[in-house]
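K.L.:
Using only what follows, build the 3D model:
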Amino acid sequence: MMWISVLIIEAMIAFFSLFFLHMNGFLSLLAIAVSAGTLVLWFLILRKLPRALQYFVLILASFAGVFLLIRTDAVSAKDSLTDYREEIVRLDEQMMNAVGDQKKMDQIKKELEALEEEYGKTDSTLGIHALYCMMTGARDEAYGYLGSFSDRSSILYYTRLEQYYRTDAERDRLNDLYYMYDMMVQDHPEWDYAQRMAGVTQFEKKNYKGADYFLTAALELNENDFVSLYYLGASAYEQGNFEESRACFAEAVEKGATGELLSWIAWYEERMGEK
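P.N.:
A predicted model of the protein is given here:
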């Protein structure tokens with residue numbers, strides 16, 4: 001009978017998926033239970049039932065088995081993608097923390113190459129390769145990896161490109177950074193960091209009205225952005241709005257400004273105290 005053959009094939013596929021492909025264990029076991037269990041029932045009970053009821057049970061079990069096998073593949077693919085993303089995050093963090101330890105960086109690179117053999121090259125792996133090259137001084141190779149990105153408007157691309165410019169000790173990359181931040185905020189207006197850095201760019205160019213526009217947008221996206229508050233205070237000072245400047249600085253301190261920002265705030269407040 002055709003439906004008996006279908007159940008046998010489903011049971012074999014589920015068994016193979018569980019023990020050889022290591023797909024989702026629970027769903028594979030359930031598929032085996034449905035298929036094999038129905039076959040056992042067929043030989044024990046179902047053959048004695050009316051033919052119409054036999055067909056109903058066999059067809060129902062067959063479709064249930066197909067559904068479970070499809071779900072097994074979908075869940076396993078999802079789990080595999082989750083594992084991949086977690087591995088990317090782990091390798092990225094380890095590479096960042098391995099600065100100066102060539103042996104450790106080389107080990108991480110080997111693990112990255114093994115990951116690429118399993119999943120293929122992606123922008124995520126290219127980004128870590130670029131980071132490795134930046135950390136080892138192979139800047140031309142790093143730039144080559146960045147140029148191989150499939151999406152050169154992604155947040156990941158801009159993050160790596162910013163690292164590339166900021167780690168270049170031989171060249172003044174300020175103009176490159178300015179241009180990059182202008183492009184970054186156009187591609188990602190929803191990203192508070194992009195808005196902030198576009199504002200910082202305008203502030204450093206002494207375009208204070210433009211700086212206010214972007215920094216205010218950054219605060220609308222992240223009200224706790226004390227860096228943007230600091231630059232808004234500095235911009236207000238440069239425009240002679242001392243009361244507004246003091247208010248921005250006070251809020252920046254309240255929101256957690258520390259270190260060098262506190263020193264600059266103190267410098268501005270000292271100047272305002274003299275006026």
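K.L.:
Can you show me the helices along the stretch 51-200 of the chain?
P.N.:
Remark: helices assigned in the stretch 51-200 of the chain by DSSP state H, counting those that start in this stretch are 51-97, 102-119, 123-136, 139-147, 155-166, 174-187, 192-204.
K.L.:
nearest residue to Q239 other than its sequence neighbours?
P.N.:
Computed as C-beta to C-beta, 6 or more residues apart in numbering, the closest residue to Q239 that is not its neighbour in sequence is Y208, at 5.3 Å. From N, CA and C alone the C-beta is placed, and that goes for glycine too.
K.L.:
follow-up on the earlier one: got CSV for the helices of the stretch 51-200 of the chain, with mean pLDDT and distance to Y230 too?
P.N.:
Converted to CSV, these look like this (pLDDT from 0 to 100; distance: least, C-beta to C-beta, whole Å):
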stretch, mean pLDDT, distance to Y230
helix 51-97, 67, 26
helix 102-119, 90, 35
helix 123-136, 93, 28
helix 139-147, 94, 30
helix 155-166, 94, 20
helix 174-187, 94, 17
helix 192-204, 97, 10
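K.L.:
coming back round to it: check the residue nearest to Q239 and give its pLDDT.
P.N.:
Per-residue confidence at Y208 stands at 97 (pLDDT).
K.L.:
In this model Y237 seems to touch it, though I could be wrong.
P.N.:
No: judged on C-beta atoms under 8 Å, Y208 makes no contact with Y237 at a distance of 9.5 Å.
K.L.:
Find residues that contact each of those two.
P.N.:
Taking C-beta atoms under 8 Å, 6 or more residues apart in numbering as the criterion, Y208 and Y237 do not both touch any residue.
K.L.:
and the residue nearest to Q239, how many neighbours?
P.N.:
The local packing of Y208 (other C-beta atoms under 10 Å) involves 21 other residues.
K.L.:
ranking the helices of the stretch 51-200 of the chain by burial, who's on top?
P.N.:
helix 192-204 (a mean of 22; mean count of other C-beta atoms under 10 Å).
K.L.:
what's it in contact with?
P.N.:
Under C-beta under 8 Å, 6+ apart, the answer for helix 192-204 is 158, 177-178, 181-182, 184-185, 187-189, 208, 210-215, 217-218, 221-222, 225, 227-228, 231, 234-235.
K.L.:
and if you look at stretch 229-238?
P.N.:
Contacts of stretch 229-238 (C-beta under 8 Å, 6+ apart): 196, 199-200, 203, 206, 208, 211-212, 215-216, 219, 242, 244-249, 251-252, 255, 257, 261, 264-265, 268, 271-272.
K.L.:
Would you mark the buried spots in that stretch?
P.N.:
Within stretch 229-238, the residues that count as buried by 16 or more other C-beta atoms under 10 Å are L229, Y230, Y231, L232, G233, A234, S235, A236, Y237.
K.L.:
what about the last one, helix or strand, and which?
P.N.:
So the one you mean is Y237. Per DSSP states H and E: Y237 is located in helix 226-238.
K.L.:
Identify each buried residue in the following helix or strand past that helix, please.
P.N.:
Once the chain leaves helix 226-238, the next helix or strand it forms, by DSSP H and E, is helix 242-254. Within helix 242-254, the residues scored as buried using 16+ other C-beta under 10 Å are F242, S245, R246, C248, F249, E251, A252, V253.
K.L.:
which of these lies closest to D168?
P.N.:
Nearest to D168 among these, counting by C-beta to C-beta, is A252 at 29.9 Å.
K.L.:
Could you count how many residues lie near D168?
P.N.:
Neighbourhood size, D168 [other C-beta under 10 Å]: 14.
K.L.:
er, W267 I mean
P.N.:
Neighbourhood size, W267 [other C-beta under 10 Å]: 11.
K.L.:
so how far is G256 from it?
P.N.:
19 Å (C-beta to C-beta, to the nearest Å).
K.L.:
got the angle for the helix holding Y237 vs helix 192-204?
P.N.:
20 degrees (axes from the mean of the first three to the mean of the last three C-alpha atoms, to 10 degrees).
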